[in-house]
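> my questions concern the predicted model and sequence given below.
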Amino acid sequence: MPAMQACHVSKRLPLLLFTIIAPAILSFASNDVTAAAQSEGSDSVLFASDNGGAQKKQQTKPFLSAFFSKFNVSGYLRNETAYRFDKPRTITKIRNIAYISANRFFGSRVKFTFSAWAYYDLAYDLINYDTIAARYVRDNNQPLVFLQDLPQQKDSPVAAIRELYFDIFLKNTDLRIGKQFVIWGVLEGVRVIDVINPINFRELILLPLLEYRVPLWTFKLDHYTPIGKFEFLWIPEAAHDIPAPRGSEWELLQLPPNTREQNRYGLRESEVGLKYNFQLLDTDLSLSYWYGWDPFPTIFRNVRLNSSQVPAFFPTFTRLTLYGGTFVKQVGPVIVKGELAYVPNKYFGIRSVDTNGDGYLDNNGAIKKKHIRWGLGVDFNLFGADISPSFVQWVILNYDDRIIQHHYNSNFNLFIRKVFPEQSAVFSLLLIRLIDEQGDMYMQPKVTYNITDHFDVVLGLDLFYGKPSVFGPQSANGGVGIVNTQNFEQAHFFGNFTNNNRIFANFTYTF
């Protein structure tokens, strides 16, 4: 089989397998469906003859009409428009989205769910690409110094299946088989143990939670016992965070050139997870285990220091193991939440140093360290507003001064939501403060107006604060590879987008 053909088959493999499994699941449900049909009665009409006799005339609905009439269908049509009010001032988004979701029961034990969307960004047809991406502003202080001649990629047009799965309900066990989302965390918008689905950074982290998650083909089993619920995950798909289109206004977090990627599907590429939910002393608790892939590659590199020799770069995706736990406890009017994760095998990039004197960069540019992630948050109501502050921190154990990343990485998050029923409006505020990044902060105030039961309008701001990343003037291999960490000064996140402040409006019709 030619390589290109094999690639296409690999991409379609989960869907092909799903089409094989689906008839078996429907066959499993057929007995239940038949029993339900018998209890509801058939689609026949009884006609009485003039002589008192009766004859039955079978009137069977067309198969497709009968099949689809039992689907519950919902969805929305949305326009998302954004205007950047920093130079170069321009409309940066006119995205039109069509989303549909459908589900139906086959008897009482099987449920089918499907959702998909398609969207197109009209802004690229009306406005010059470089103006939208603020390219000439970006190049004055380029945080991605290892990229050259950024192509004009864009996130449009797009059509994709979001969910496609069957639920099977047994006596003490639920199965969910297909493309789906799995959310493990208890702190909203925070990823401590919630690592199952990768992130799509096409619009940084500005999208709603489910919209920036990447769905995965997953086998999920929930088993209920008197002592709690056991959850098992098998994901035969190696998927990673999706960076924004290169050269776009959100171009950070690109995959480095020459990244070594493994096969997309297979037993060796699988991820597995185990989770146990239970209650103790009026507290909801969970313990979890996950074995999967680091969502971003480790930048291994072979560099001869103080030499004109061209370095060799081989970014590679590596495995991670995570042991986690969560708790949720109500204390009076306050709900206290927490998450804790221990990761014993994550690689961290190091600066260009040679501690053993052999003339080469130590450890091929990365060392494996144990680290802890933890988060603590509270939910309470004050003056009619729901308020949810949280604090999250990464701690690298047995820290090495050669590591580029900070010993401690902390951030403070705040979410406020207040309903104004007389105005049919909801105000919300999201604030993320990266404490160790010298002022990096993101803030999103917005107001949602419910015009009717099916139509709402959202007005808001995306505001970025901080300093841009500062790297050396040259990359480690002359502009094609990764940055020269000898000249490294400071990496930032939100500070790279202080020229991207914008006002946005969303118009949504739901059905």
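Here it is on my side, so go on. Numbers count the residues shown, from 1 in each chain.
> now the protein, which segments are flagged as low pLDDT?
For the chain, the stretches with pLDDT under 70 are 1-13, 15-17, 19, 23-24, 26-64, 66-67, 136-150, 470-491.
> Asp155: what's it in contact with?
121, 202-203, 244-245, 248 (CB atoms under 8 Å, 6 or more residues apart in numbering). All C-beta spots, glycine's among them, are computed from the backbone N, C-alpha and C.
> out of those, which is nearest to Asn356?
Ala244 (38.6 Å; CB to CB).
> how many residues are close by the closest one?
20 (other CB atoms under 10 Å).
> isn't it up against Leu204?
Yes. Contact criterion CB atoms under 8 Å: Ala244 and Leu204 qualify, at 7.0 Å.
> what's the burial count for Tyr212?
As a burial measure, Tyr212 scores 19 neighbours (other CB under 10 Å).
> can you give me the helices in the stretch 151-300 of the chain?
209-212 (DSSP state H, counting those that start in this stretch).
> where do the strands sit along it?
158-169, 173-180, 202-205, 216-225, 228-235, 271-280, 283-293, 298-302 (DSSP state E, counting those that start in this stretch).
> and the last one, what's buried?
By neighbour count with 16 or more other CB atoms under 10 Å, strand 298-302 contains the buried residues 298-301.
> about what we covered before: pull up the overlap in contacts between Ala244 and Leu204.
Residues touching both Ala244 and Leu204 (CB under 8 Å, 6+ apart): 250, 252.
> before we move on, which element is Leu322 in?
Using DSSP states H and E, the element containing Leu322 is strand 319-331.
> any idea which helix or strand comes after that strand?
Heading C-terminal from strand 319-331 (DSSP H and E), you reach strand 334-349.
> paired strands for the helix or strand following that next one, with orientation please.
Per DSSP H and E, the first helix or strand lying C-terminal to strand 334-349 is strand 366-382. Strands that pair with strand 366-382, judged by DSSP bridges, come out as strand 334-349 (antiparallel), strand 385-396 (antiparallel).
> which residues does the last one contact?
Yep, that's strand 385-396 we're talking about. 187-188, 190, 192, 337, 348, 369-381, 403, 405, 407-418.
> mind checking how far it is from the chain centre?
19 Å (CA atoms, centre = their mean, to the nearest Å).
> list the buried ones in that strand?
Those would be 387-388, 390-394, 396, for strand 385-396 by 16+ other CB under 10 Å.
> with just CA atoms, put it into CSV.
This file holds the C-alpha atoms of strand 385-396, laid out as CSV (Å, rounded to 0.1, in the frame of the first residue of the first chain):
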residue,chain,number,x,y,z
ALA,A,385,-23.1,37.0,42.6
ASP,A,386,-21.5,33.6,42.3
ILE,A,387,-17.8,34.0,43.0
SER,A,388,-15.1,31.3,42.4
PRO,A,389,-11.5,32.1,43.2
SER,A,390,-8.8,29.5,42.9
PHE,A,391,-5.0,29.1,43.2
VAL,A,392,-3.0,26.6,41.2
GLN,A,393,0.7,25.8,41.4
TRP,A,394,3.3,23.5,39.7
VAL,A,395,6.3,22.6,41.8
ILE,A,396,9.4,20.9,40.3
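> any idea how far the helix or strand just after it is from the middle of the chain?
Counting by DSSP H and E, the next helix or strand C-terminal to strand 385-396 is strand 408-420. Computed by CA atoms, centre = their mean, the chain-centroid distance of strand 408-420 equals 19 Å.
> try stretch 208-227
Here the centre of mass of C-alpha atoms in stretch 208-227, compared against the chain's by CA atoms, centre = their mean, lies 12 Å away.
> give me the distance between the two termini of it.
34 Å (CA to CA, to the nearest Å).
> surely Ile91 touches Glu80?
No. Look at Ile91 against Glu80 with CB under 8 Å: they stay out of range, at 11.3 Å.
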